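Trainee: Fold the following for me, if possible:
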Amino acid sequence: MFATFFFGAIALLLVDALLASVTMYIAYSHGHSRLKWFVLGMVLPFFSIFIALAVAIRDEQRAKAARGGAPAPVPEPGEF
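Mentor: Okay, the predicted model is just below:
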C-alpha cells in the first residue's frame, strides 16, 4: 500500500513539474521571470497555464496599443 501511495505521489509531482514547465515557457517567451512563474506553476498547476496565457495576451494588447495599432516590426534576417 505504501508503494502505491509513493509512486502515485511521484507521478503527481512529475505531472505538476511538467505543467509548471509549460507555464514557465509561456511566461518566459513573453519576457517574464522564469523562476516566479515556475513556482506559481508548482503551486497552481492547472490554473497557472491559463493565468500565463491571459498575461501574455494582455501584454500583446498593451504593446499593440502603444504602437498605435501599427503592426509589430518584422525582424531582419538573422535577428531574433
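Trainee: From now on I want contacts and neighbour counts done on CA atoms only, so please keep to that.
Mentor: OK.
Trainee: Show me what the helix of greatest length in the chain is packed up against.
Mentor: Longest helix in the chain, counting residues (DSSP state H): helix 2-29. Packing contacts for helix 2-29, counted by 3 or more CA pairs under 8 Å, 6 or more residues apart in numbering; DSSP states H and E, involve helix 34-43, helix 47-66.
Trainee: Give me the buried stretch members for that helix, please.
Mentor: The neighbour-count check on helix 2-29 (16 or more other CA atoms under 10 Å) flags 16-28 as buried.
Trainee: what do you get for stretch 29-46?
Mentor: H32, R34, W37, F38, V39, L40, G41, M42, P45.
Trainee: re the thing from before, nearest to A3 among the helices and strands packed on helix 2-29 would be which one?
Mentor: helix 34-43 (23.5 Å; CA to CA).
Trainee: Can you tell me what sits against the closest one?
Mentor: 16-17, 19-21, 23-25, 27-28, 47-49 (CA atoms under 8 Å, 6 or more residues apart in numbering).
Trainee: Thanks a lot, catch you later.
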